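1. no FASTA, just this:
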């Protein structure tokens, strides 16, 4: 239990930046969806879907490889090799990306004449992605050195800059322009602000935040003398290569739906972007689940590696899994029982897609459960199995999206996501029993989950009343569920030890 508390503490600290960042980005969703139409938000969703793919390619598993070999090969030696490698590939990518941006733009436009400055957006995103790839290595070093406070501070600064610049460009500047010359800052704002850029200012804010974060981390990158060890690099690449496939497969599972929607929806380009915008906005409502999962992952990866040589490692992994499922079950209930008012976080034009939220919440829960089980192939250096599982999931994602989108629209993408993550979880569990058997409390954990799902879906489909009394009643049910879980898992255990 002490180890679980330790992991929970690190999750809280490392996750502080992730949680706050995700929450504030979550709060940016109403800003975007109330200020911009679904077509513009569809462009936003599409650009970040592609950037997720490219970020995996430009980091190519070096973060995990750094964690794996930092102790055995010397931290400074591994850090220098990984950083120089990522910087080198990032520079090459930026050159080609900026030069070929017009050709990529023509492809994204689908050969149609639409008023979206894709070429400009692409060049901005090239810089954003390269800087984020490079800074991932010093961020990994902060985690390895157990400096969660510094890690969180820099992350929070990045988030604060991004949020502040979004508010400046999207709210403050239009307000100043609307006031005209009577506003003291009108002349200044009018020199650079272009209302026609619209959602592009969200990209500019991200770009500026990434540049400043990179500058802040330069001292961390240059603190020790950097050197590149080619022999070590080959060892890192051999370990990380399957993880590239894992990462790409994961990104396909998480983001390919946005791209495939544009390809297989039976509409013109502008209508497709509108549908993508609705899907992306409603996906954000399920972000509360991914907030917790992201925070957990930041702390869990180094924690799992640190426990692998302990005698009770497998029991620790089993306990972590159980409490993770419990936490996710509570989050699922919390969102579903409050969905009637959470839906107002997106603009009126976007709420037609709110029915996909229960599906996406459960899908992300299975994704988190899979991350828990993935410890077996990481600590045993059998990362190729992670690639196999990821590729299986990616295949399911692509095939089901192709089959379901023409029939169900973006609802088909939601179901494809759930089936994909559920399959990956099941496959990892079966393989893990053969290669690194852990006695996971599957029945008990999923009993909690089944209870949470049953109560949540019953309330969602049968109780349409959105009055204050009903909302309070639903949250009382949530509190009772938490109290029962607390008694069974914590208070009861303490009582038995006392007796």
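-> That came through, no problem. None of the values given here were measured: they were computed from a predicted structure.
2. where along the stretch 1-150 of the chain do the helices fall?
-> 2-35, 38-59, 62-73, 75-99, 101-109, 118-144, 148-167 (DSSP state H, counting those that start in this stretch).
3. same thing with the stretch 151-300 of the chain?
-> With DSSP H, counting those that start in this stretch, the ranges of helices along the stretch 151-300 of the chain come out as 173-179, 186-190, 200-221, 230-264, 269-285, 287-307.
4. Residue 71 is nearest to which of the ones you listed?
-> For residue 71, the closest of those is helix 287-307, at 8.9 Å, according to CB to CB. Bear in mind the C-beta positions are built from the backbone N, C-alpha and C, glycine included.
5. by contact count, what packs against that closest one?
-> helix 2-35, helix 62-73, helix 118-144, helix 313-336, helix 357-373, helix 375-379 (3 or more CB pairs under 8 Å, 6 or more residues apart in numbering; DSSP states H and E).
6. Nearest to residue 276, out of those?
-> For residue 276, the closest of the helices and strands packed on helix 287-307 is helix 2-35, at 12.9 Å, according to CB to CB.
7. Let me see the mean pLDDT of the closest one.
-> What helix 2-35 shows for mean pLDDT is 69.
8. Over to stretch 79-86?
-> Mean predicted lDDT for stretch 79-86 stands at 91.
9. quick revisit: so which of the helices and strands packed on helix 287-307 gets nearest residue 279?
-> helix 357-373 (9.5 Å).
10. coming back round to it: residue 218 is nearest to which of the helices of the stretch 1-150 of the chain?
-> helix 118-144 (8.8 Å).
11. how distant is that closest one from the center of its chain?
-> Mean-position distance between helix 118-144 and its chain equals 15 Å (CA atoms, centre = their mean, to the nearest Å).
12. Which residues does stretch 434-451 contact?
-> With contacts defined as CB atoms under 8 Å, 6 or more residues apart in numbering, stretch 434-451 is touched by 314-315, 317-318, 321-322, 325-326, 328-329, 332, 365, 373, 376-377, 379-380, 382, 385, 429, 432, 481, 485.
13. switch to 6 Å and redo it
-> Residues outside stretch 434-451 that contact it (CB atoms under 6 Å, 6 or more residues apart in numbering): 314, 317-318, 321-322, 325-326, 329, 376, 380.
14. Kindly report the same for stretch 234-242.
-> For stretch 234-242, using CB under 6 Å, 6+ apart, the contacting residues are 60-62, 65, 383-384, 387.
15. are any of those buried, and which?
-> 60-62, 65, 383, 387 (16 or more other CB atoms under 10 Å).
16. one step back: Serialize the helices of the stretch 151-300 of the chain to TSV and add fields for mean neighbour count and distance to residue 472.
-> As requested, these are exported to TSV (neighbours: other CB atoms under 10 Å; distance: least, CB to CB, whole Å):
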stretch	mean neighbour count	distance to residue 472
helix 173-179	15	37
helix 186-190	14	45
helix 200-221	18	36
helix 230-264	20	35
helix 269-285	23	21
helix 287-307	21	20
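17. can you list the ones you listed in JSON lines and add distance to residue 445 and mean pLDDT?
-> Output for the helices of the stretch 151-300 of the chain, formatted as JSON lines (distance: least, CB to CB, whole Å; pLDDT from 0 to 100):
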{"stretch": "helix 173-179", "distance to residue 445": "49", "mean pLDDT": "91"}
{"stretch": "helix 186-190", "distance to residue 445": "54", "mean pLDDT": "90"}
{"stretch": "helix 200-221", "distance to residue 445": "37", "mean pLDDT": "94"}
{"stretch": "helix 230-264", "distance to residue 445": "22", "mean pLDDT": "85"}
{"stretch": "helix 269-285", "distance to residue 445": "25", "mean pLDDT": "88"}
{"stretch": "helix 287-307", "distance to residue 445": "15", "mean pLDDT": "76"}
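18. Could you say which one of those helices comes nearest to residue 78?
-> Nearest of the helices of the stretch 151-300 of the chain to residue 78, taken as CB to CB: helix 230-264 at 6.8 Å.
19. got the angle between that closest one and helix 357-373?
-> 160 degrees (axes from the mean of the first three to the mean of the last three CA atoms, to 10 degrees).
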